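Chemist: make a model of this:
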Amino acid sequence: MQPETAPAASPWRRLRSRYGIPLVLLVALMLGTCSRMPGTLEQIRALGLIKVITRNSPLAYYEGAAGPEGPEYELARAFAERLGVRLELRFARSTVAALSAVERNRAHVAAAGIVTSGAHPPRVRFGPVVQRIDQYVIYRVEDRLPRDAADLAGSRIVVQRNSAHAAALNALAGQAPGLAWAEVRGADTLDLLGRVARGEADFTVADSIEFSLGRHFFPDLRPAFRIAESEAVAWAVSPHSRDLLRELEDFFAEIGTDGRLADIHERNRRALVRFDRVDAASFVTGVRERLPRYQAWFQEAATETGIDWRLLAAIGYQESRWDAAAISPTGVQGLMMLTAETAQRVGIADRSDPRESIRGGARYLRIVEKTIPNRIPEPDRTWLTLAAYNVGYGHLEDARILTERRGQDPDRWTDVRDNLPLLAQERHYETLKRGYARGWEPVGFVRNVQTYAELLRWMVPEDSPSAPPGKESAQ
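Modeler: Okay, the predicted model is just below:
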C-alpha cells in the first residue's frame, strides 16, 4: 500500500491566500467581469465591509469611557459610511506590521498613525495627508530658552535611540558645531521628558502629539522651536488598489473642504488637554445661579440610590457645568453627559431632560460602584468608583493591575491615582488588556469632583430649601 502524500496546494487555494478574500466571492466577481481581476473597491463593495488595520494609540484608536475613540478610527468610520459598507477593524503591534498586512492583502487600508517619511515596504501606496506632526525641542520653563540650533551646542540632549528625533538632530549638526546628543535605548518620550523636568538633561525632542500628552505629567516643560519639517501622516493601501486610492483622494478632499477633517483633529486635540484645575469663582456663581433649579432633583436621586446628593451635584457640575442642554461632539449629552447606551441601560428615555439625566447619572454611578470589589472600604471605594465612571471599569482594572505590578496597593485610591496616567505610556499600555487610555482624565475628574463636593458641603446646608421635584424653577 502506497503511503498517502499531502495534496499540492491548488491554484485556487494559493489565490485565496494571496488576496485574503473569500474564494467563492472572488470567482463570482471574475466570472461576472469576463475573468478580469476585480479592483479593491469592487471587492469591498461586494463583501459589504472594509478591513482597516490600525494601532492602539492616541494618534489612531483607543477605547474611551463612551466607546471607541481616536482620529484614525473616526476617519475610518466616516469612510466606511461613505462607501455604504461595514467597518472591520484589525490591530497591529507596530506601523511596520500594519503596512505588512496591507502589502500582503490582509487588510484593505492601514490607518495606524503612519508617518510617511522613513523606511517603508516598497509595495504600498500612501494616500492623502491625514495630518502633519511637528518636532520641537523641549525645555524646562525655568531654564534658558533656546531659539535655534546654535543654542543647543554644549547642552545635554537626550532622544530615543534610532528615532526620527535623532535623525532630525543629525540633520542640524552641520549648522551647529558642538551639537551632541545621547540616544537612549528602551526609553519612551515620557521618560525623556521626565529627565528634562527633573534637571537630568537640558533638552529633548518630542512631536506635537507626544508633547500634548506629556504636558499633563510635566507642566513646567515648554516647546522651544521646531527642528524639522512637518511630518506627514497618511493611510496606506496596496499598490494594486488604484481604485481605492482614488476614492480615498476624493474622500479626504471632500472632508478637507467642508471642515470635517479639521473638526476631527481639533476634537481629538482638545481631548489631550482636558482637566485643568477647578475654577472656584465660576463654581460659586454656578451654585448661586444654576444649582437651585436642580437641587431638589439631585436630592431625589440621592434618596433613590443612597448616594450623597452633593456628590451627584459635583459630578453634574464637572460634566456639564449644570447645563441641561450640554452636548459633546461625540454625542454625549445632558446635565450628566450620558451616552445613548448608558441612558438606555438605566432606563432614561430623554437625556436632555435634566431630571431624567440626574436620575440616570445616579443609577449608573451605583451600577459602576457594584463592580468595585466589596473588600475595598470608604472613601477609597467612592474615589475608585468615580474613576471608573469617568474612564471605564476596564481601564480602571488595568490601572489596578499596573499598581500591583509596581508593588503598590490596588485597593488604595492614592496608589491607583499615581498609576492611572501611565495608561498613556506605550511601554505600559501595550502590556494591558484594554490598551491606551487618557489616564490623567480620571485623576483630574476625581480631584475636581472631590473639590466641588467639599465646597457644596460648606456652601449648602443639608436642610437648605430647594425647588420641588418634578417642576423646574424659572430660568
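Chemist: and the strands in the stretch 351-475 of the chain?
Modeler: Under the criterion DSSP state E, counting those that start in this stretch, the stretch 351-475 of the chain carries no strands.
Chemist: list the buried residues of stretch 107-119.
Modeler: Judged by neighbour count (16 or more other C-beta atoms under 10 Å), stretch 107-119 contains these buried residues: A107, H108, V109, A110, A111, A112, G113, I114, V115, T116. In this view, the C-beta of every residue, glycine as well, is placed from N, C-alpha and C.
Chemist: what's the most distant pair in those?
Modeler: Using C-beta to C-beta, the pair of the buried residues of stretch 107-119 lying farthest apart is H108 and V115, separated by 20.5 Å.
Chemist: where strands are concerned, which of the buried residues of stretch 107-119 count?
Modeler: Those of the buried residues of stretch 107-119 mapping onto strands are V109, A110, A111, A112, G113, I114, V115, per DSSP state E.
Chemist: and which of those is nearest F217?
Modeler: Taking these together and measuring to F217 by C-beta to C-beta, the closest member is G113, at 20.5 Å.
Chemist: wait, what's in contact with that closest one?
Modeler: G113 makes contact with R55, S57, L59, A60, E72, T95, V233, according to C-beta atoms under 8 Å, 6 or more residues apart in numbering.
Chemist: what about the last one, how many residues nearby?
Modeler: For V233, the tally of surrounding residues (other C-beta atoms under 10 Å) stands at 22.
Chemist: assign it to helix, strand or coil.
Modeler: strand (DSSP: H, G, I helix; E, B strand; the rest coil).
Chemist: for the lengthiest helix in the chain, what is the average pLDDT?
Modeler: As assigned by DSSP state H, the longest helix anywhere in the chain is helix 440-459. What helix 440-459 shows for mean pLDDT is 88.
Chemist: re the thing from before, kindly reformat the ones in strands among the buried residues of stretch 107-119 as CSV containing pLDDT.
Modeler: Below are these laid out as CSV (pLDDT from 0 to 100):
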residue, pLDDT
V109, 95
A110, 95
A111, 94
A112, 90
G113, 87
I114, 87
V115, 83
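Chemist: from the residues you listed, which is closest to W309?
Modeler: G113 (43.5 Å).
Chemist: okay, D415 and L83: tell me how far apart.
Modeler: Per C-beta to C-beta, to the nearest Å, D415 is found 47 Å from L83.
Chemist: can you check E266 too?
Modeler: 25 Å.
Chemist: which residues of the stretch 251-400 of the chain score low on pLDDT?
Modeler: 271-279 (pLDDT under 70).
Chemist: show me the helices in it, by range?
Modeler: Along the stretch 251-400 of the chain, counting by DSSP state H, counting those that start in this stretch, helices occupy 260-271, 280-289, 291-305, 309-320, 340-345, 354-369, 380-391, 393-405.
Chemist: name the helices or strands packed onto the shortest one?
Modeler: To tie it back to what came earlier, the one meant is helix 340-345. helix 354-369 (3 or more C-beta pairs under 8 Å, 6 or more residues apart in numbering; DSSP states H and E).
Chemist: quick one, the helix it packs on and helix 393-405 angle?
Modeler: Angle of helix 354-369 versus helix 393-405, following axes from the mean of the first three to the mean of the last three C-alpha atoms, to 10 degrees, is 40 degrees.
Chemist: and R77, what element?
Modeler: According to DSSP states H and E, R77 maps onto helix 71-83.
Chemist: list the contacts of that helix.
Modeler: Here helix 71-83 makes contact (C-beta under 8 Å, 6+ apart) with 41, 44-45, 49-50, 52, 54, 59-61, 86-87, 89, 109, 111-113, 130-131, 247-248, 251, 255, 260-261, 264-265, 268.
Chemist: how about it as PDB, C-alpha atoms only?
Modeler: Extracted as PDB, the C-alpha positions of helix 71-83 are listed here (Å, rounded to 0.1, in the frame of the first residue of the first chain):
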ATOM      1  CA  PRO A  71      -8.800  60.300  14.900                       C
ATOM      2  CA  GLU A  72      -8.000  57.400  12.600                       C
ATOM      3  CA  TYR A  73     -11.000  55.500  14.000                       C
ATOM      4  CA  GLU A  74     -13.300  58.400  13.300                       C
ATOM      5  CA  LEU A  75     -12.000  58.800   9.800                       C
ATOM      6  CA  ALA A  76     -12.200  55.100   9.000                       C
ATOM      7  CA  ARG A  77     -15.800  55.000  10.300                       C
ATOM      8  CA  ALA A  78     -16.700  58.000   8.100                       C
ATOM      9  CA  PHE A  79     -15.000  56.400   5.100                       C
ATOM     10  CA  ALA A  80     -16.900  53.100   5.600                       C
ATOM     11  CA  GLU A  81     -20.200  55.100   5.800                       C
ATOM     12  CA  ARG A  82     -19.300  56.900   2.600                       C
ATOM     13  CA  LEU A  83     -18.900  53.500   0.800                       C
END
